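K.L.:
Give me the fold of what follows.
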Amino acid sequence: MTEVTWPAPAPGAAPLPKMVAAQAGLELRSLLRNGEQLLLTLIIPVLLLVVFSSEAVISMGRGSRIGFVAPGILALAVLSTSFTSLAIGTGFERRYGVLKRLGATPLSRGGLIAAKALSVLTVEAGQVVLIAVVSALLGWHPVVSAVSVTSALLVLVVGSAAFSGLAMLMAGTLRAEATLAAANLAYLLLLGAGGVVFPLAKFPAAVRPALRLLPSGAMSDGLRSVLRYGAGLPVRDLVVLAAWAVVGVGVAARFFRWE
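P.N.:
Purely as a prediction, here's the structure:
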């Protein structure tokens, strides 16, 4: 009788990329099962896109209405996913002890942040495709070139980093209920006064410089400059977004409470 030799057990953690991918998949599945999150990240941006591009809600100035609205809705999609959704989800994960339990696994804090970033970017990629398709059906004709596409993607990525840092700061320092209220309030305020669907020229001249320093204002302006007007790299807007990202991520890393 032939003796069967079994391989020796090799306990240990899986490679970090595999753990990050598995956690990112879990984050995505949780999002797809959450109707409120889907409403926030997909349905509301598309609904606002249709409404503000077809109804004479407010004058958008020179040029087509959809040419103004579409870049703003792209910025709103990033805001809804990397800020509001991330802040609320992480806040309640912290409240219910999910983050504490993950801390007992081989997945490091850096791995968890990487997994959340990967899931956020995946959702945003889907949002960008969906909004671009709907906008094209509504008559959007953006400036498409290597420079404009690269610049727009750079604005989206840096803007996502800025909003994600602010989301983690909020979720890691406030109670879950306070995070829920503050994130939704910020969403509404930035939607109305952040240059997303209303031109900043409609606001008093005294407050316009401050509004342009908001991350939503910088994202909207940057995307419009390259996709609507075919401008080069929006350096000023990228600097504003990078500053928000550095501050948000840096302060969140310092004061985030995992329990």
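K.L.:
C-alpha coordinates for stretch 144-159, PDB please?
P.N.:
Only the C-alpha atoms of stretch 144-159 are listed here, as PDB (Å, rounded to 0.1, in the frame of the first residue of the first chain):
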ATOM      1  CA  VAL A 144     -12.000  65.100 -26.200                       C
ATOM      2  CA  SER A 145      -8.300  65.000 -26.600                       C
ATOM      3  CA  ALA A 146      -5.300  63.400 -24.900                       C
ATOM      4  CA  VAL A 147      -4.800  66.600 -22.800                       C
ATOM      5  CA  SER A 148      -8.400  67.000 -21.800                       C
ATOM      6  CA  VAL A 149      -9.000  63.400 -20.900                       C
ATOM      7  CA  THR A 150      -5.800  63.100 -18.900                       C
ATOM      8  CA  SER A 151      -6.500  66.400 -17.100                       C
ATOM      9  CA  ALA A 152     -10.100  65.400 -16.300                       C
ATOM     10  CA  LEU A 153      -9.000  62.000 -14.900                       C
ATOM     11  CA  LEU A 154      -6.300  63.800 -12.800                       C
ATOM     12  CA  VAL A 155      -8.900  66.200 -11.400                       C
ATOM     13  CA  LEU A 156     -11.200  63.300 -10.600                       C
ATOM     14  CA  VAL A 157      -8.500  61.300  -8.900                       C
ATOM     15  CA  VAL A 158      -7.100  64.200  -6.800                       C
ATOM     16  CA  GLY A 159     -10.600  65.300  -6.000                       C
END
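K.L.:
what helix or strand is Ala171 on?
P.N.:
Here Ala171, judged by DSSP states H and E, is contained in helix 146-173.
K.L.:
Tell me the helix or strand right after that helix.
P.N.:
helix 176-193.
K.L.:
returning to that earlier point: mean confidence score for the helix holding Ala171?
P.N.:
Averaged across helix 146-173, pLDDT comes to 93.
K.L.:
Pull the distance from it to the chain's centre.
P.N.:
6 Å (CA atoms, centre = their mean, to the nearest Å).
K.L.:
helices or strands next to it in the packing?
P.N.:
Counting contacts by 3 or more CB pairs under 8 Å, 6 or more residues apart in numbering; DSSP states H and E, helix 146-173 is packed against helix 65-79, helix 86-95, helix 109-137, helix 176-193, helix 215-227, helix 235-255. All C-beta atoms are positioned from the backbone trio N, CA, C, and that covers glycine.
K.L.:
So Leu42 sits against Ile131, correct?
P.N.:
No: the criterion here is CB atoms under 8 Å, and Leu42 misses it with Ile131 at 9.4 Å.
K.L.:
closest one to Val50 among the helices and strands packed on helix 146-173?
P.N.:
helix 109-137 (7.2 Å; CB to CB).
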